[in-house]
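Asks: my questions are about this predicted structure, shown below with the sequence.
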Amino acid sequence: MRLDRIIGRSKTPKFLVLLIAVLLLVGWNAEPALAQNLYAIATVDAPSANENFLGGYAQWKTPTQYTTVDGGFTSQVIWVTTQNQQYRWVEVGLTKGWKGDDSIWTMYWAEYTPTYNEYKVTSVTPGSTGSLHHYQVQYDAYNTWGAYIDYTKVGTSTQSAGTLAVDVGAEVTSSQNTLTTTYPEYMQVLKAGTWKYWKDVGSISEYDDSPFVWEWRDTGTYKLGKTYKN
């Protein structure tokens, strides 16, 4: 299992990231039981480190608000790896639940450099149900990544170039939370200066933790996704 699916966001992310990093350095090989986050995601992997990407994009309409009851979060996210590594990334998305407050419904972005930091976005709001928003992470300049919502930069992360994988989908801290059906669409990656659909650039896979589900609505084309709670 990829490390980012083990740690992801959490109620105490810095502590978890530090502890896992220390355990990995001393040769700890058992699967961590620290972060129990659940996922319903699709992934595109670059063919090789020499054929990497420089960003990722997805869009989805604001769903009926999720319900979070555990002091954690229920979110829809795009993760873009950085530094030509699987375990460094920038993410941007929509979340119900923020810093222990289950009621907050907000956009956010985050980075793992490997220090984990996350930031609430206040310049853009989810809007009413059905509002379309565009989520994007891309390499902007030397050692600089930008997180964008609706084509406006909401954050900057200082990391080197190179994307090995892009994930899109749901991350949830408890099976008791409610993920209302969400439709991520038109996922693309930035390669050689051009935005391209996933099926044209790499290997596509999906990953689900029950009761949450990723489903393709257009198998074979891989432009239209769906996440929900079963």
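Replies: Thanks, I have it. Numbers count the residues shown, from 1 in each chain.

Asks: going forward, measure contacts and count neighbours with C-alpha atoms only.
Replies: Will do.

Asks: where does this structure dip in pLDDT?
Replies: Along the chain, the parts satisfying pLDDT under 70 run over 1-35.

Asks: and the strand ranked longest in the chain, what other elements does it pack with?
Replies: Of all the segments of type strand in the chain, defined by DSSP state E, the longest one is strand 101-112. Using 3 or more Cα pairs under 8 Å, 6 or more residues apart in numbering; DSSP states H and E as the contact definition, the elements that strand 101-112 packs against are strand 89-98, strand 116-121, strand 152-158.

Asks: buried ones in that strand?
Replies: By neighbour count on 16 or more other Cα atoms under 10 Å, the buried set for strand 101-112 is 102-103, 105-112.

Asks: ok, which pair from the residues you listed is furthest apart?
Replies: By the measure Cα to Cα, 103 and 112 form the most distant pair in the buried residues of strand 101-112, at 25.3 Å.

Asks: for residue 44, the count of nearby residues, please.
Replies: In terms of burial, residue 44 registers 23 neighbours under the definition other Cα atoms under 10 Å.

Asks: for it, which residues are in contact?
Replies: Residue 44 makes contact with 165-167, 198, 202-205 under the criterion Cα atoms under 8 Å, 6 or more residues apart in numbering.

Asks: residue 65 now?
Replies: Contact criterion Cα under 8 Å, 6+ apart gives 96, 105, 129, 180 as the residues in contact with residue 65.

Asks: distance check, residue 122 against residue 57.
Replies: Taken as Cα to Cα, to the nearest Å, the spacing of residue 122 relative to residue 57 amounts to 20 Å.

Asks: show me which of those two is the more surrounded one.
Replies: Neighbours per residue (other Cα under 10 Å) separate residue 122 from residue 57, with residue 57 holding more: 27 against 11.

Asks: which other helices and strands contact the strand or helix carrying the more buried one?
Replies: Under the criterion of DSSP states H and E, residue 57 resides in strand 55-61. For strand 55-61, the helices and strands in contact under the criterion 3+ Cα pairs under 8 Å, 6+ apart are strand 74-81, strand 132-141, strand 185-191.

Asks: still on that earlier bit, check the helices and strands packed on strand 101-112 for me and report the most buried one.
Replies: Mean neighbour counts were compared across the helices and strands packed on strand 101-112 using mean count of other Cα atoms under 10 Å; the top stretch is strand 89-98, at a mean of 27.

Asks: got the contact list for that strand?
Replies: Taking Cα under 8 Å, 6+ apart as the rule, strand 89-98 contacts 65-68, 71-83, 102-113, 126, 135-137, 145, 147-149, 157.

Asks: also stretch 150-161?
Replies: Residues outside stretch 150-161 that contact it (Cα under 8 Å, 6+ apart) are 54, 82-84, 90, 109, 111, 113, 121, 123, 133-136, 139, 142-148.

Asks: right, and residue 61 touches residue 135 too?
Replies: No - in this structure, residue 61 is not within contact of residue 135 by Cα atoms under 8 Å, at 10.8 Å.

Asks: which one of these two is surrounded by more residues?
Replies: Regarding residue 61 and residue 135, a neighbour count based on other Cα under 10 Å identifies residue 135 as having more, with 25 against 18.

Asks: isn't that one right up against residue 55?
Replies: No - with contact defined as Cα under 8 Å, residue 135 does not reach residue 55; the gap is 10.9 Å.

Asks: endpoint to endpoint, stretch 86-104 covers what distance?
Replies: Using Cα to Cα, the end-to-end distance of stretch 86-104 comes out at 30 Å.
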